[in-house]
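Enquirer: Coordinates for the following, if possible.
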Amino acid sequence: MRKLFSLLLFFAFLVANSQSNTDVFLFDLKTSSNSIELLNHKNISANDGYDNQPSFLDNNTVLYAGTRNDQTDIVKYTINYDSKIFINHTEGGEYSPLKIPNKNEVSAVRLDPDGLQRLYTYNLRNGESKELIKDLVVAYYTWYDNNIVVCAAIEENRLNLFVVNTKGGTSKKYQENVGRSFHKIPNSNLVSFISKENNTWQIKSLNPKTGVTKVIANTMEGVEDICWLNSKTILSGKDSKLYKLTLQKDNNWKQVADLSSKGISKITRLATNLESSMLLIAGDINENAKKTEETKEKEKPASETSNEVSEAEAIVQKQLEAYNNRDIDAFMATYSKNVKLYNYPNELQTDGAQQMRKRYEQWFNQTPDLRAFIKKRIVIGNKIIDEEQVTANGQIFNAVAIYEVENGLISKVTFIQ
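Expert: A predicted model of the protein is given here:
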């Protein structure tokens, strides 16, 4: 009965968050000792439904929980190419994806169709997953290092704070009634969390190795989502407004920006990269502002580019995204009508888009775990040479693909296996 209630509690949290139409926005940050500016905003999810819980994989890659076919999975968004792919293919829904320190893996909370909820790891090369913590119903978390997780686990009718050593298989509870926001505090050996023990919620620090906790500051009323800009400055959002609190300087939260004109009506999550040069904001969408932005985007004249390399890379990256999503229409849209596929050096495999479409449509339909990972990319003029690792039907194999781009579309591909 307790397990059922715990699962229902998390489901209630989930429904409360996912009923709204949230999107993920990326901003450039310009900071000084006296000001914080948000520049060059972009809606990177641009999708109906729940898109939330963003984090930085690195300075060119964003992870977030995104909706497809009424299911929430892990999305990897590449900033340079403005492209996104789903990196997992499970029946369960994935939430709160984070990079695991010093590993080529990400973690996420998985909620399976049968109600089982656990923290899993996902290999970035082939998408394979494995259960990480067996005995706790983890709802929210962060990594302290590559072995220690600080998390909120569901117990009875609340979230309680645990520190889990995944290598040693040990866990210890340090506080009851906490919020969902966990962050490693920059340049420290501490993790911040939200304490809800009192009527006034507090931001506290925890040393996961000693268990020592200290009060840092009060949250804004009813707000439990924060992130750290640096070791002294905290960002938080309330409705459409972004606030900051600089410790030992600000007496209270100070407004930084009103994002209602950017299409955000309510800020729900925030994350910065390590250098604090970029900010991710997830929030409820103001539909009127969203339509205005879409209209402006459509009215922009097509930009002319003289950078053939960027054009070639972009179209090859788009076909990779479509390949991993098994989207045959988007995949074929990156190829010319007269495209030819060869096995090295000159063995013709398909001639023309019609033959190619038939071959790949069958391949996509028969391969539910299909995924290609680029190990190395070389750009030479209009030619893109990718060293690829491909997962298909439980098997992993390596190949080299040489793409040739003409007039913005891929006209020839030569495979070396």
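Enquirer: hang on, residue 355 is in a helix, isn't it?
Expert: Yes: assessed by DSSP: H, G, I helix; E, B strand; the rest coil, residue 355 belongs to a helix.
Enquirer: Using PDB, write out every CA atom in stretch 91-104.
Expert: Once non-C-alpha atoms are left out, stretch 91-104 reads as follows in PDB (Å, rounded to 0.1, in the frame of the first residue of the first chain):
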ATOM      1  CA  GLU A  91       8.700   1.900 -23.100                       C
ATOM      2  CA  GLY A  92       9.000   4.000 -19.900                       C
ATOM      3  CA  GLY A  93       9.100   7.800 -19.700                       C
ATOM      4  CA  GLU A  94      12.400   9.500 -18.800                       C
ATOM      5  CA  TYR A  95      12.700  12.700 -16.700                       C
ATOM      6  CA  SER A  96      15.500  14.900 -15.300                       C
ATOM      7  CA  PRO A  97      18.300  13.900 -17.600                       C
ATOM      8  CA  LEU A  98      21.800  14.800 -16.300                       C
ATOM      9  CA  LYS A  99      25.400  14.100 -17.500                       C
ATOM     10  CA  ILE A 100      27.200  11.700 -15.200                       C
ATOM     11  CA  PRO A 101      30.600  13.300 -14.300                       C
ATOM     12  CA  ASN A 102      33.600  11.700 -16.000                       C
ATOM     13  CA  LYS A 103      31.500   9.200 -17.900                       C
ATOM     14  CA  ASN A 104      30.000   9.000 -21.400                       C
END
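Enquirer: how far does that stretch sit from the chain's center?
Expert: How far stretch 91-104 lies from its chain's middle: 9 Å, per Cα atoms, centre = their mean, to the nearest Å.
Enquirer: quick one: average confidence on it?
Expert: Stretch 91-104 carries an average pLDDT of 93.
Enquirer: list the buried ones in it?
Expert: Across stretch 91-104, burial judged by 16 or more other Cβ atoms under 10 Å covers 92, 93, 94, 95, 96, 97, 98, 99, 100. Using the backbone N, CA and C atoms, a C-beta is placed for each residue, glycine as well.
Enquirer: Turn the residues you listed into CSV, including distance to residue 115 and secondary structure.
Expert: CSV is the format used below for these (distance: Cβ to Cβ, whole Å; DSSP: H, G, I helix; E, B strand; the rest coil):
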residue, distance to residue 115, secondary structure
92, 10, coil
93, 12, strand
94, 15, strand
95, 15, strand
96, 18, strand
97, 21, strand
98, 23, strand
99, 28, strand
100, 26, coil
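Enquirer: For residue 81, which non-adjacent residue is closest in space?
Expert: Excluding the flanking residues, the one nearest residue 81 by Cβ to Cβ, 6 or more residues apart in numbering is residue 317, at 4.0 Å.
Enquirer: And the one you found, which helix or strand is it part of?
Expert: Using DSSP states H and E, the element containing residue 317 is helix 308-324.
Enquirer: try residue 283
Expert: Secondary structure from DSSP H and E places residue 283 in strand 278-285.
Enquirer: can you count the residues close to the closest residue to residue 383 other than its chain neighbours?
Expert: Leaving out its chain neighbours, the residue that sits closest to residue 383 by Cβ to Cβ, 6+ apart is residue 404, at 5.5 Å. Per other Cβ atoms under 10 Å, the neighbour tally for residue 404 reads 18.
Enquirer: do the same with residue 76
Expert: 21.
Enquirer: ok so, going back, for residue 380, see how far away the residue nearest to residue 81 is.
Expert: Distance of residue 317 to residue 380, computed by Cβ to Cβ, to the nearest Å: 16 Å.
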